[in-house]
Structure formats: structure tokens, C-alpha cells
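**Q** My questions are about this predicted structure, shown below with the sequence.
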2 protein chains.
Amino acid sequence: MKENKINVKIILNDSEKICSANEGDNLLDVIRKNNIDFDAPCNGNGSCGKCKCRLKENTEIGVSSKKHLSQSELNSGVRLACDTTITSDLTVELTNKIKDMTVLISGVEKEFKINPSVRKYYIVLEKPTLDDQRDDLIRIKDFLKESFNIDNVDIDLTTLRKIPKALREDDYKITVTLFDNKIIDVEASDTTKNNYGLAIDIGTTTIAVYLLSLYDGSQMDVISEVNNQRNYGADVISRINYTLENPDGLKKLNASIVSQLNNIIKNIAKRNNINLDNIYDTVIVGNTTMIHLLLGIDPKNIAKAPYISGFTEAMELKPKDIGFNFKSNISIMPGVSSYVGSDITAGILSSGMLESEKYSLLLDLGTNGEMAIGNKDEVITCSTAAGPAFEGANIKHGVGGILGAISKIDLSKEEKIETVGNQPPCGICGSGVLDAVSEMIKYSLIDETGRMFDEEDDDFEFEEYEYLTKDLVEIDGMKQYVLAKNPDGDIISFTQKDVREVQLAKAAINAGIQILVKEKNLDFNDLEYLYLGGGFGNYMNVKSSLQIGMIPLELDGKIKSIGNCAGSGAKMYLLSKEYRNLIIDKVNTSKYIELSNRKEFQEYFVNGMMMERIYEPAEKSLDKEVTVDAF
Amino acid sequence: MKENKINVKIILNDSEKICSANEGDNLLDVIRKNNIDFDAPCNGNGSCGKCKCRLKENTEIGVSSKKHLSQSELNSGVRLACDTTITSDLTVELTNKIKDMTVLISGVEKEFKINPSVRKYYIVLEKPTLDDQRDDLIRIKDFLKESFNIDNVDIDLTTLRKIPKALREDDYKITVTLFDNKIIDVEASDTTKNNYGLAIDIGTTTIAVYLLSLYDGSQMDVISEVNNQRNYGADVISRINYTLENPDGLKKLNASIVSQLNNIIKNIAKRNNINLDNIYDTVIVGNTTMIHLLLGIDPKNIAKAPYISGFTEAMELKPKDIGFNFKSNISIMPGVSSYVGSDITAGILSSGMLESEKYSLLLDLGTNGEMAIGNKDEVITCSTAAGPAFEGANIKHGVGGILGAISKIDLSKEEKIETVGNQPPCGICGSGVLDAVSEMIKYSLIDETGRMFDEEDDDFEFEEYEYLTKDLVEIDGMKQYVLAKNPDGDIISFTQKDVREVQLAKAAINAGIQILVKEKNLDFNDLEYLYLGGGFGNYMNVKSSLQIGMIPLELDGKIKSIGNCAGSGAKMYLLSKEYRNLIIDKVNTSKYIELSNRKEFQEYFVNGMMMERIYEPAEKSLDKEVTVDAF
């Protein structure tokens, strides 16, 4: 015998819904209570004038409606929902339904619908009576089940403690924040827009922290810093060694990254004027060692055969357990093995290879060359001990991609080198190393075995470029090619030993690629793309990688640089449950190939040492000759 | 091509299992690895001689077998599994399979098979190789899945951190502790017996902490203390008021119970010589307010209509979030409403009513009279505002069940009263209050309306007991019956107002019982039992409860005291997943009746005020008269 119940028919595009209301209810509250997506940006305080709807029945015109709507709108029955009081049965036509938000992740240029694990629901609850003594939590859970079909809801104690006050602060109007099926926050009033997440890429060298809105998927800010752990060793192995050699080594490395992240996150919240408590999810990717150090898990078994990590799978962790002093859930993206970490799986996800029928390759060059082959059905990974040649390490004048690093080399030009930031040269970085070998092959300054030309050799092959041989010198018994001089007048050269380092690295990478492709009985022609991940992929000259035989020539034209794909993948994991489930599922069923245990690897490796010339120098034009003469 | 694989056929009662082993494997390890329950109390170190098995094939006799087994055993092929090395195919007959452990909970005298949520598994893992680079966690998870069919296993960070070391400390032999599907501990070697749990009953007055072995279900110890919160108020309402009147009231009450429990638990572990870290599950019951105060959840809405608690459902919580400084999981048993807490649901569980086809009642008398009716299909609860008469409060000379409290009254005897501990009388406790009214009815010292006999009345009904009326006095205008004098010579009496208090309380309880029984359209004859919970149920004179009309006479003969049923229920919840699921399920579907909202309650209540005499005084024997004369 509900005598005062009023029916409100809400028409939305082609569908309609009959909602029950009480006399005196606010129309906007009724719309929200019935889980209808409807945009009311100012949360019904009458300031934005956006919650327009058209009423079939004549109703009183509220103050805000009068203020925001034109006379013709008012005449045709348009009202603002926020200042419409329901007095009798109503038929309401909605127009401004919220569109599914899509987001574009730059770098990979991927557009997708956002659907984060964290969702905020603004709800208006029935108030308790003697007839309805449900406790606060059940009242919320029942509503979530009835209105949103969310069942088996869990909650932690911290959030539970907030409920009694939050419910009564704004008359049982609250915003409930869920992480999947877990209530992680309860706030009075509508706070749906205060919903933020972080994507963090912990590189061995650099940390990048991205702040995103989980309400609309937009990237709000990014902070990038050098990883403070560098003080304890430049690469993964030297950091593991530090934990082995120092009793509190693990503790120190752990404290270093935890406190650095605590600081960055405090800063990024502050400078964007958001409450730390409204950051609800933090996705972290990194190589397996970085993740172990972050979580305080002993990484020592990663360093020696058979290379066993403590864990690699996806984790949802409490920030307090890690040592973070913010409240966000921590999502660790899944990795595959000790040397194929979540930085690589993030790359796999962001490349898009898992969404295609055709197989693609992903190649990430760092200390190790991690790679993957995959399509929508599966992914297979391996890691080649390529050595850190492309990080500038083990190269006589090698440096990272710093200001003044030689990043491009073209021996046909008057200015043979280009440096980062056009600064005076200080060394050679990865892309420069690649170019150096490639150019020397091109101009027959090294032969197909990698041996540098010297005076005892026969005639130089390209007569018109013979002048280049003048820069071939021998210092302390080591043949080397002089590229430049630094401001102090010291030479910056590429040595015979450097060539050998590159040969080893590129042979390992090439062998890895061959094995992955053969593993699926594929031909290079069957591949859709070769994705190059990491910063190096953005800078390197693709032709050089083909010239030195690192990447098979058949892949020419299929090579795509996808930039900081680890960060992009972390953002996708943060913004989309579907992508989260996709990569977890694919990693769970993925296959990891231990190359050192494959007989055919040695064969491919030895064959891959050779460097057949692909690109020959152009005939010198007169114009060029003049320039050279002037030099 | 597994060339060295050996088949071991293990015969167990009527079934057999073919297990695969390697040459050189230890037989006990193989038995355990294949998830066969087999008792090896000393964990295979050769000291106990218990792991006997009979081998069909002749095998070498190990040192321990020689030591522990008789020559005839050895001749018939009996060996200890722990010192038998597998060299070729074997057929092994096991005899000492571990029996399903059952446990008897005293008080309710209930025997059941233990199956706690916490289980420890001793497992022996394959060691990693280059061909098997599974990470430590996956290695454990795969084993749990293959051998025990436990899937979707979760883990927290603290436990994850222990894994790399634990695995390598005893050569990949570890004990994994699971709470349902969650790994909560990993230890080197076999620690399956170091598995403990706590059942805690937080009463408004008293706290009881029981220590139990989760390995065999035995109760190892109990510590009982007065709840330190008594300093902030004797009952639930006064403690809630304390939180309302003091800004840090909730914080103080919370800190009081948390620190008291921290101390008790530290002590109970210490005096039983067990490691706090081996306490894995702690089940806590208490009334809804006590649970709110323990968890730091604001209880203020419990105290005023419509009586809303923050939550009542079952919770699994982290000890750290509560403020406990031990690691055990915290299981909060589910309650039903603000005034039917988990102490009552624990009573419902331990009564056994949920396992019977027939309906039974449970009655728990305290400040409120909480009651329930239920059978295997459902349970319905209510709470009567019975007032604290039976706790001795609101009674002129009322006291708790302390030494010297008058606990029994028999007016036919020379010594009319009995006191707790036979100490000089100091006041009247609950059972004494009940007896006082009952006896006065019996001897017509009060009439059916509760009015005390006085001089203006007609003749006294039982002439031979007329001498009793001498103890009826009037002091300060209040009629009262003198029961005794305390050592200081002050009288201890039962007043007309006290009778009224009891009348109100018993009428409310009687009305509650009537409503519950009518709710199911039952007759009192349809009920199997009326269970009396709480300490009071143990002490009270059942006949008195019938005499005063608190419990319907039809239930005479069906009344069963079940003692500290809250503690018993907590133990059952701790020791048996089946009981845990049963009570969670029944509470979820239970119905709570708000009596104050029922029209018929008033009717029953008013009718229940009357006290019809049931038991009359015995004819006085000569012997009695003599005694009385001598008095």
C-alpha cells in the first residue's frame, strides 16, 4: 500500500525505464539512483546548467532552470533535472547521456574505451527506519547489488571505519569507490570526478611516474627522474651483487626506490592540487629485478643459473606493506621470467600484437635484448644476453643518451656526426654505436668478418672515399676509427674491440629473432610488424640495424618504433580492465624460451656474426666533392 | 624417454595409487609428495619408528628400521618409510593412515571432524633447472594445484618475501600454510604441527581467550580476564555514551581492548611455549558494540532508534589494521543486528539447532534478552529490552555473580539462601533474583499481579508458612522481603520495586518467545529444545523461570543449559570450515524481528506481566517444622 509512490518514466535514446519515486524527490537524485549515466558536472548545485531534460508534463520552473535555459527551451518543456521536484507521474527525456570515454595513449597511438578497475559510484540510499534496520554496510552492498549488479563485495577495515560518518554527513548521499568488487573508499556527496591513478615505469636508469584521471582517462602530469639506485650500481647485475655483498644491501636498495617514489608521488599530487587519498590505483612495471627490489624480495637467484625469481605474476598489494605512505592499491603488472619482466609485457600489451591475427615481433634493446613473438592467441618470449653495447657500456667511448653524445653518423657528410642537443661531442651513445658499425661496413672500413681495414690490406674498395681511411689509426696496438674530438681535444673513436662487442650483441639478437620465428614455423614474410621498444628504438637508424645484420632484411618496411612502450602498457593496464585481463591471461599461458639451452642458438649465433653489406655508398656527386675538398 | 623413472604402487585400505619416483628417492618423501595422509610424527628423522609400511619386494634394511622393528616385522617385509631408499619398482602397503581428527567441544558436548580454514602442507618440490625456470611462487602454486587441487592461490607480500630463503634452507622441502586459498606462511622443513588458533569471546564484562591446536583440535589453554573497558561503563549503552561524551572516547575504548588482547595473547603464547607467528587464525565473537569498539568503528547509531550498526557481517581482517602486534588472520564472526551480535550467533551455532529438522529456541539473558528460533533451514532472531534485572542491575541489592552473591533461595529451608562460594552474603545475583520472585509467588508472598502481601490483606494463604511474613517489612515506604544480613548487619532484601523490574523483564522475554514461535506458526510442543545460553543459564533454577512465567510451562523438560555457548561457537568457527560456512549462510538469510515495531508485542507483553502460581509449597513435614521452630 505505497500510497505516495510516483512513476517516473525515463526515456533514453531508444530505451525507457520506469523508476519509482516519492513525492518531493529531486529528479536528478532519482536519475542517479537508478544507475542512469547522465552528466551533471556541478553535481546538482545549479551552477553548470548541463543536466537538461525534456518533460512531457508541465512542471514548475526552478531557479536554476530559469537562469540557464532559454525561453523557448522552457516553453518546450526543457528543465534542469537538479532543480526539478517530482510531484506527480513524469515522463522525462534525457539527452546528455555520458558517452563512453575513450582515451588515446601517445607513443603507441592507441585509442580505447576506458574501463579502469577503480570505479566511483554516486548513490543515494534509503534512510533506515525501525522497519529497515539494515546496518550501514549492508545498506550500501544491497544498493550496489540492486542497482549495479555488483555482488560479493569486500571491504577493508580502514574504509569500513569511514562509513557511519560519511553516510550521515550528506543525508545518505555518498560516493562509493570500488576496485573490482572491493569497496576502497566511501565519501559523503558526489566525488566521482576525484578519481586518479598512477602508472609507474621503474627503469634501471630512469623512473617515470604518470598521473592519470580515472574519470576520463586523461594524462594530467608526468614526473621523470634518474633512479637513485644508480648509486648502488648501473645495471641489474651490479645491484644484485650489491645485495649479495652487503648484509643490508637489499634493505638499502629497497628503501632507496620506496622513498624516491613516496617523494615523487607526494609532489605530483601537490602540484596538481589533488588529494593523495583520491589516488586509488597505482600500476607499476619494471624489469624483474627492479620489482624485486621495490618489494623487498631477495633477487639473488635471478643472477645465477638457472635464473629463478621469487615471483613474476600479477599482484595486487597494499601500499603499507611496501612502505608507501599513500593509500592507493598497488598493481604490479605480470612479468614472464627473471629476464622478461613486466616492462616487456607492458611493451607487448601496448604494441597491439595481442589484438592481431598475424604474428608480430617485439624487440627491446637494453643490457639484455628481450624479445617476444605473439598474436591474439599467444605470446612467446626470450631474452638474449646481448650485452650492454647499445647502452654505451663496454664501448671505449660509449656513453648514455646524454647531451653531447654522438647519436648519428653519416660518413658521406662534411659533418660526419650529430650529437644530442647539438652539444660538443663527449662520447658515443647506442644509436651512434649502431651507425658507426653500419657506416664502416658501408664504406668497407670493416669487412664482413668485422675486421677493420688497415694499411696491409689490398686497395680500398671505394676509391672516391679513400680519404676516410685517414681517420683509421692505431693507438696502443688497437685499431680504431676517429669520429671527433671533444672540447679538450681528446679523440672520440670507435675501436676494433667495440666492433666485436657490437658483433656479439647483434648476433645474439639476430639468433633470438630467428629462434622465435622458427618456434612458430613462421617465415619473416608472415610477420605483421617488428616493434622496437624503449627509447633506443626511437633514436636508432633502422637502416643501420639492417646493415649490420641485427634485424633480418626481410623485415625492412615492417619496423615500427613504439617509444616508451613500458609506460604506455602500464597506462593501458591502469585504464582498462579488458587490457589488464588480456595481458594477465596471455602471460599466464605464455612460453619462455631459455636460449642458452637451445642447440640451434649456437648455430644461429655463429652465423649471425657475419656482416654482409647491404647498402653501398652513393656515387659522389660533384657538389659533394667540392664540399669535401673545402674541408 | 624418462629412463630412470620407477613405479611405486602404494596400497591404502582398498585403493591403490601408482606413483612415479626416481632411483635414490626416499620412500617417505614420495608418499608425502603424492598427497597421501600418512603419519610420520618425527618428520622422518628416524626417531619415532611410526612410519611403518609393508613392502612386497625385498629391500635393504635401514638403520632406523633395524632399531625400531622386530625381527618378525622385518622378515615379513615391514620397513620404516623414512629410511627406505627406492632402487627399483616397489609395492608398498600403508597401515597407519592418519585418521580424520574429531574434537569434542565441552559445554555443548559436540563432537565433529576438524577442518579448519588454516591448513599446513608439507611438500617436497622439484628443484629448478635451465629447462624448468619457473619462479619460486609458481613452483609452489603448481604443486598445490597438481597435488592438492588447490587453485587460484593468493599470497601477501610478507609471506612472499619469505619464500626464496625458505625454499633453499632445507633443499626445497617446505611447509606451506594456507588460509582457504591464501598462502599465509612458508617455512623450511616440516612444521605441520606448529599450527595454532585462538577463539576469543569479548563479553561486556569478561574476556575469554582460548588457545587451540589447529593440527588436532585440542584446547591447549584459556585465559579469562575482566574486560578493562569496565572502567568506562558497566554496560553497552554506558560505553557508547562514553564515546559520545568524550572526543577521544572511541579511541580510548578501542585502545583498551586492543592492548588487553595483545597482552593476553602474548602471555598465552609464552606460557605454552609457542611462537606467536604460528598462531594463524583468531576467531572473535562479541556483542555488536564490543566488536565495533574492538575495530574502532563508531557505535553511536547502535544506541538510538532505529539502532543501526556500521556492519554485522563476517569479516576477515588483517591484525595490523586493528592494532594487534601478532600476525594471525582475524576472523570476526557474523552478527545479525545491533542487539543480536556474534556472541548470539555463536550460541546458535553451538546449540546445534541448525543441524536439526525440528525447531529449537535459544535464549540468552543479559542486559537484553536475545533469542532465536531455528532449525536446519533458517533462523529468526529478536532482542527484547529485558533490562539488566538478571545481571543484578536495577535491583536494590543486586550484584553480579561475585563471591557472596545470593544465588539460590529456598524459603522452605532453615538456611533460606545459598551464596556463591559459601561466603557471607553481600547482595543478590541473577539466579537469586529469579528465585526470590519465584519463591515469593510459591508462598503467596506476592500475588499474581506482583503485589507484595501486607498486613491490610486478607489472611495469609498458607497458614503453616505464615511465619515467613515476618520478614516482610516496609522501609521508607517501600515494601520488601528481608533475605539476609550482611557481615556489617545491614539487611539484604528484595523490594516491591525489584519485583516490578523482574515482572517487566520476564514479560518482555515471554513476549519475545511467543512472537518467535508464532512467527513460524509453531506450537510449543513442536519445539525440540529451549537452549539457555550464557553463564546465567547454567546457574538459574529452571523451575523458578517457569514459576514466574518467564519461560512457558510447555517447555518444561525441554530446557537445556549450554553454558558459555559464545566461546564454544567461536571454537567451532575456528576448527571447522563447514560450521563457518553454515553459520555465515544462516545469518545471511536470517530474519531479525524488531519487537518494538510489532503490534502483537504489546499484547503479549501486557499478558505476560501476570504470574500464575505453578508450584505450591510442600506440606510441611514434622521434621521441617521442628527445624523451623528451632530457628
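**A** On my side now, so go ahead.
**Q** what's the closest non-adjacent residue to A:V499?
**A** The shortest distance from A:V499 to any residue that is not its chain neighbour, by CB to CB, 6 or more residues apart in numbering or on different chains, is 5.0 Å, and that residue is A:G450. From N, CA and C alone the C-beta is placed, and that goes for glycine too.
**Q** doesn't that neighbour fall inside a strand?
**A** No - read with DSSP: H, G, I helix; E, B strand; the rest coil, A:G450 is coil and lies in no strand.
**Q** check contacts around it.
**A** When contacts are counted by CB atoms under 8 Å, 6 or more residues apart in numbering or on different chains, A:G450 touches A:499-500, A:503, A:609, A:611.
**Q** Now list the buried members of these.
**A** Judged by neighbour count, with 16 or more other CB atoms under 10 Å in any protein chain shown as the criterion, the buried members of these are A:499, A:503, A:609, A:611.
**Q** Next, format the residues you listed as JSON lines and append pLDDT.
**A** Putting the buried ones among the contacts of A:G450 into JSON lines (pLDDT from 0 to 100) gives the following:
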{"residue": "A:V499", "pLDDT": "95"}
{"residue": "A:Q503", "pLDDT": "93"}
{"residue": "A:M609", "pLDDT": "92"}
{"residue": "A:M611", "pLDDT": "90"}
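**Q** Dump these to CSV, plus distance to A:S356.
**A** Converted to CSV, the buried ones among the contacts of A:G450 look like this (distance: CB to CB, whole Å):
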residue, distance to A:S356
A:V499, 37
A:Q503, 33
A:M609, 33
A:M611, 32
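**Q** Now intersect those residues with the helices, please.
**A** For the buried ones among the contacts of A:G450, membership in helices holds for A:499, A:503, with DSSP state H as the criterion.
**Q** Which two among the buried ones among the contacts of A:G450 are spaced furthest apart?
**A** Greatest spacing in the buried ones among the contacts of A:G450, by CB to CB: A:V499 and A:M609 (11.0 Å).
**Q** Check which helices and strands the host helix or strand of A:S331 is in contact with.
**A** Taking DSSP states H and E as the definition, A:S331 sits inside strand A:329-332. Helices and strands in packing contact with strand A:329-332 are listed as strand A:279-286, strand A:315-317, helix A:319-322; criterion 3 or more CB pairs under 8 Å, 6 or more residues apart in numbering or on different chains; DSSP states H and E.
**Q** follow-up on the earlier one: pick the one among the buried ones among the contacts of A:G450 closest to chain B.
**A** Nearest to chain B out of the buried ones among the contacts of A:G450 is A:M609 (CB to the nearest CB; 23.7 Å).
**Q** Look up the closest residue to the closest one, ignoring the ones flanking it.
**A** By the measure of CB to CB, 6+ apart, the closest residue to A:M609 outside its immediate chain neighbours is A:A507, 4.7 Å from it.
**Q** The helix or strand in which the one you found is found: how far from the chain's middle?
**A** Secondary structure here is read from DSSP H and E; on that basis A:A507 sits in helix A:496-519. With CA atoms, centre = their mean, to the nearest Å as the basis, the distance from the averaged C-alpha position of helix A:496-519 to the chain average is 27 Å.
**Q** Can you name every helix or strand that that helix contacts?
**A** strand A:360-365, strand A:369-374, strand A:379-384, helix A:430-442, strand A:478-485, strand A:591-593, helix A:599-607.
**Q** buried residues in the shortest one?
**A** For strand A:591-593, the neighbour count (16+ other CB under 10 Å) marks A:592-593 as buried.
**Q** mind listing what the strand holding A:S331 pairs with, with the direction of each?
**A** Strand pairing for strand A:329-332, determined by DSSP bridges: strand A:279-286 (parallel), strand A:315-317 (antiparallel).
**Q** Name the spans of the stretch 501-631 of chain A whose pLDDT lies under the cut-off.
**A** A:535, A:621-631 (pLDDT under 70).
**Q** which parts of it sit against chain B?
**A** Applying the criterion CB under 8 Å from any CB of the partner chain, the portion of the stretch 501-631 of chain A that neighbours chain B consists of A:592, A:594, A:596-597.
**Q** What is the nearest of the residues you listed to B:K396?
**A** Relative to B:K396, the closest of these is A:Y592; by CB to CB it sits at 81.0 Å.
**Q** beta partners for the residue nearest to the closest one when sequence neighbours are not counted?
**A** Sequence neighbours aside, A:S337 is the residue nearest to A:Y592 in space, at 4.6 Å (criterion: CB to CB, 6+ apart). On the basis of DSSP bridges, A:S337 is bridged to A:V340.
**Q** I figured A:S337 hits B:D135, correct?
**A** Yes - using CB atoms under 8 Å as the test, A:S337 is close enough to B:D135 to be in contact (7.5 Å).
**Q** okay, and the common contacts of these two?
**A** Contact criterion CB under 8 Å, 6+ apart; residues shared by A:S337 and B:D135: A:309, A:312.
**Q** Hmm, A:L365 is touching A:F390, no?
**A** Yes - with contact defined as CB under 8 Å, A:L365 counts as touching A:F390 (4.9 Å).
**Q** Any idea which helix or strand in chain A has the lowest mean pLDDT?
**A** Across the helices and strands of chain A, the lowest-confidence element by mean pLDDT, DSSP states H and E is helix A:622-630, at a mean of 44.
**Q** Run a quick neighbour tally on A:V542.
**A** Counted with other CB atoms under 10 Å in any protein chain shown, the burial measure for A:V542 works out to 18 neighbours.
**Q** For it, what are phi and psi?
**A** As for A:V542, its main-chain torsions (degrees, to the nearest 10) stand at phi -60, psi -40.
**Q** Next up, the contacts around the closest residue to it other than its chain neighbours.
**A** In space, A:V542 comes closest to A:I559 once its chain neighbours are excluded; the distance is 5.1 Å by CB to CB, 6+ apart. Contacts for A:I559 were tallied using CB under 8 Å, 6+ apart; they are A:529-530, A:532, A:542, A:545, A:551.
**Q** now A:I559: how far from A:L522?
**A** For A:I559, the distance to A:L522 under the criterion CB to CB, to the nearest Å works out to 17 Å.
**Q** do A:K50 as well
**A** Computed as CB to CB, the A:K50 to A:L522 distance reads 53 Å.
**Q** same deal with A:K327?
**A** The gap separating A:K327 from A:L522 is 47 Å, by CB to CB.
**Q** likewise A:K66?
**A** Shown here: A:K66 relative to A:L522, a distance of 69 Å by CB to CB.
**Q** Let me know which of the strands paired with strand A:329-332 is tucked in deepest.
**A** Among the strands paired with strand A:329-332, ranked by average contacts under mean count of other CB atoms under 10 Å in any protein chain shown, first place goes to strand A:279-286 (a mean of 27).
**Q** Figure out how far that strand is from the centre of its chain.
**A** Averaging C-alpha coordinates over strand A:279-286 and over its chain gives two centres that are 11 Å apart (CA atoms, centre = their mean).
**Q** Give me the contact list for the helix or strand following it.
**A** The first helix or strand that comes after strand A:279-286 along the chain, using DSSP H and E, is helix A:288-295. By CB under 8 Å, 6+ apart, the list of residues contacting helix A:288-295 from outside reads A:202-204, A:229, A:236, A:239-240, A:243, A:250, A:253-254, A:257-258, A:261, A:284, A:286, A:298-299, A:302, A:309-310, A:312, A:317, A:322, A:332, A:335, A:337-343, B:157, B:160-161.
**Q** and if we set it to 7 Å?
**A** Here helix A:288-295 makes contact (CB atoms under 7 Å, 6 or more residues apart in numbering or on different chains) with A:202, A:204, A:229, A:236, A:239-240, A:253-254, A:257-258, A:284, A:286, A:299, A:302, A:309-310, A:312, A:322, A:332, A:335, A:338-339, A:341-342, B:157.
**Q** Please pick the buried ones from these.
**A** Judged by neighbour count, with 16+ other CB under 10 Å as the criterion, the buried members of those are A:202, A:204, A:229, A:236, A:239-240, A:253-254, A:257-258, A:284, A:286, A:299, A:302, A:309-310, A:312, A:322, A:332, A:335, A:338-339, A:341-342, B:157.
**Q** Just the ones of those residues in strands?
**A** Here DSSP state E is the test, and the buried ones among the contacts of helix A:288-295 give A:202, A:284, A:286, A:332 as lying in strands.
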